[in-house]
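**Student:** here is my input; please provide its structure:
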Amino acid sequence: MIEINGFKFYDEPRSCGSCPCLNTGATHRSPGAKRGHCLIWNEWHLRYRNIPARCHKLFKKALTYPDGSKLAIVANQ
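**Tutor:** Numbering: from 1, shown residues only. As a prediction, the model looks like this:
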């Protein structure tokens, strides 16, 4: 388990809807809102779309860290 910005990841999500960082406003994962707000990148994403390449790269690298690691993503401005 890796913690990224306070969200726990046990495995790489395959879609934006299965990512714990996507806030759809629903209290369950069944049909509801089609779009959600990505709390890491501050963008709106469709639940069923594949994760963006930058997220895939981030998860691939983060999941190689030792179990229980806590990572923080910051904006480069």
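**Student:** quick one: pLDDT of the nearest residue to residue 4 once chain neighbours are set aside?
**Tutor:** Using Cβ to Cβ, 6 or more residues apart in numbering and skipping the chain neighbours, the partner closest in space to residue 4 is residue 71 (4.9 Å). Yep, even glycine has a C-beta here, placed from its N, CA and C like the rest. Residue-level confidence at residue 71 comes out at 88, pLDDT.
**Student:** can you name the element that comes right after the host helix or strand of residue 37?
**Tutor:** In the assignment (DSSP states H and E), residue 37 maps to strand 35-38. Later in the chain than strand 35-38, the nearest helix or strand by DSSP H and E is strand 43-46.
**Student:** list the buried ones in that next one?
**Tutor:** residue 45 (16 or more other Cβ atoms under 10 Å).
**Student:** does the residue nearest to residue 4 touch residue 62 like I think?
**Tutor:** Yes: under the criterion of Cβ atoms under 8 Å, residue 71 is in contact with residue 62, at a separation of 5.7 Å.
**Student:** ok, these two, which is more surrounded?
**Tutor:** For the pair residue 71 and residue 62, the greater number of neighbours falls to residue 62 (16 against 13), based on other Cβ atoms under 10 Å.
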